[in-house]
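J.: with the input below, show me the fold.
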Amino acid sequence: MENSWQEWEECFLPVSGQVLAEDYNAAQWGAHLKYFSGQDDFPDVPGTGYDIVLLGCGYDMEDLSASCHQTPDAVRYWFYRLYKGDYSVRVADLGNFSLRRSAEETCLQLGRIMAEIQESGAVPLLIGGGSELNFSLYRSFTLAGRYANLLEVSPVLHFREVSDQLTPENVLGRMLGEDPQMLFHYCNLGYQTYFNPPELLGLFKQFHFDLMRLGEVRSRVETTEPLIRDAHLVGLNMAAVRKADVPHAPGASPNGLAADEICRLARYAGLSHKLRAVALTGLAPDLAQQSPDGHLAAQVIWHVLEGFYVRKPETLEVDADPYLRFTVPMKGFPEEITFYKNQVSEKWWMGVPVAGKWQSQMKLEEYLVPCGMEDYEAAVGQDLPERWLQRFHKLND
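T.: Residues are numbered from 1 along each chain as shown. Modelled structure (predicted):
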């Protein structure tokens, strides 16, 4: 990395005094965070062993001179006042990232610091502005030469064309335009069909990406858990929430997720052992402190942390306890499907064989895809799970 950790302090402004003015109760989050107040107390992430690291970036691509702290601090105002659950925590708050020259440069620098946070074993959680900041999540992985699984909760697929230009409308196009291309898998939850061109939806299915419409998410929220469990990087866009619950969120519309549903998805993200970074975007760049948008965003963060701290221990060493192995032969199909169940977490996985270039690049002979018991039951009934088939085609092209 080009920067030592101490040099990053110059890129951050401290948490606002308005947020820190309250004398927090011992059970509130504000009493359990190591935050940057500007008093020579920038958190030493590499040397301390934090679990979660918050960083704000109140970013407005159309006005680089806009406040970099107003929106994140409006969220902190509520989050610091929430009560944590009955668990020990190690959470740092770096304050607000202030180095902004362009979208590309902002995301590159954020990616670098998030890569360092990940190297320390912690999960960075970005409280940001527009959807373009999801590119910083992707950059944190490519800097380390790793393939990324990205999941977005968003009403819109941010793709116009494969390009080397980063814009809010073309974040995915920028990722797919990279050489080498390190976006292994993409999943969208909550897209709204009338906001997306039909040919784009067809193209993404050709890419073997997972897309789940808003109506499907709302009617079967529990089925999103395996999809979220497969993601390294999670972008939660507040525009996916209905406008009645986030009246100031740019891009929000009358239809969308309810407030409790976005929180449930956030909790699933926190529960995942695969999670490496989260971005909470889609917030207005001039968000008022008392805004309900900030209040809901704070509760979304609370649910990510709640999920993280109530996780059950889990490894993916599926050939040993506590895993059970089930092999299902499929009539008319040359491959058997192998399922694994963790008897402690009660989570299910499907094994997908890997061949060709992916076997040498990933150094894997079997890729584990999260699933539910319903996928196993479908296979037993000779109904081939669609997600297994999608991943099989991707990994054996």
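
J.: do you know how far Leu271 is from Ala277?
T.: Per C-beta to C-beta, to the nearest Å, Leu271 is found 15 Å from Ala277. To be clear about C-beta, it is placed using only N, CA and C from the backbone, and glycine gets the same treatment.

J.: list the residues that contact Ala252.
T.: Taking C-beta atoms under 8 Å, 6 or more residues apart in numbering, we find Ala252 in contact with 238-239, 241-243, 246, 282.

J.: report the two of these separated the most.
T.: Arg242 and Gly282 (12.7 Å; C-beta to C-beta).

J.: the more surrounded of the two?
T.: For Arg242 versus Gly282, neighbours defined as other C-beta atoms under 10 Å are more numerous around Gly282 (27 against 21).

J.: now do the more buried one, the pLDDT please.
T.: Here, the pLDDT recorded for Gly282 equals 93.

J.: buried set for stretch 79-95?
T.: For stretch 79-95, the neighbour count (16 or more other C-beta atoms under 10 Å) marks 79-82, 84, 91-95 as buried.

J.: more neighbours: which of Leu271 and Ala277?
T.: For Leu271 versus Ala277, neighbours defined as other C-beta under 10 Å are more numerous around Ala277 (29 against 23).

J.: how near is the more buried one to Met238?
T.: Noted for Ala277: a distance of 17 Å to Met238, by C-beta to C-beta.

J.: how about Leu271, what does it touch?
T.: Contacts of Leu271 by C-beta under 8 Å, 6+ apart are 225, 229, 307-308, 310-311.

J.: for it, phi and psi?
T.: Phi and psi for Leu271, reported as degrees, to the nearest 10, are phi -70, psi -20.

J.: let's number from 55 now, not from 1
T.: In the new numbering, first residue 55, that becomes Leu325.

J.: run a quick check on Glu279 versus Gly324, I expect a contact.
T.: No - using C-beta atoms under 8 Å, Glu279 makes no contact with Gly324, being 11.6 Å away.

J.: about what we covered before: give me the PyMOL select line for the contacts of Ala306, limited to the buried ones.
T.: In PyMOL, a selection of the buried entries from these looks like this (16+ other C-beta under 10 Å):
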select buried, resi 292+293+295+296+300+336
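
J.: which one of the contacts of Ala306 is nearest Gly182?
T.: Gly336 (8.7 Å).

J.: wait, doesn't the closest one sit right on Pro304?
T.: Yes - counting by C-beta under 8 Å, Gly336 touches Pro304, with 6.8 Å between them.
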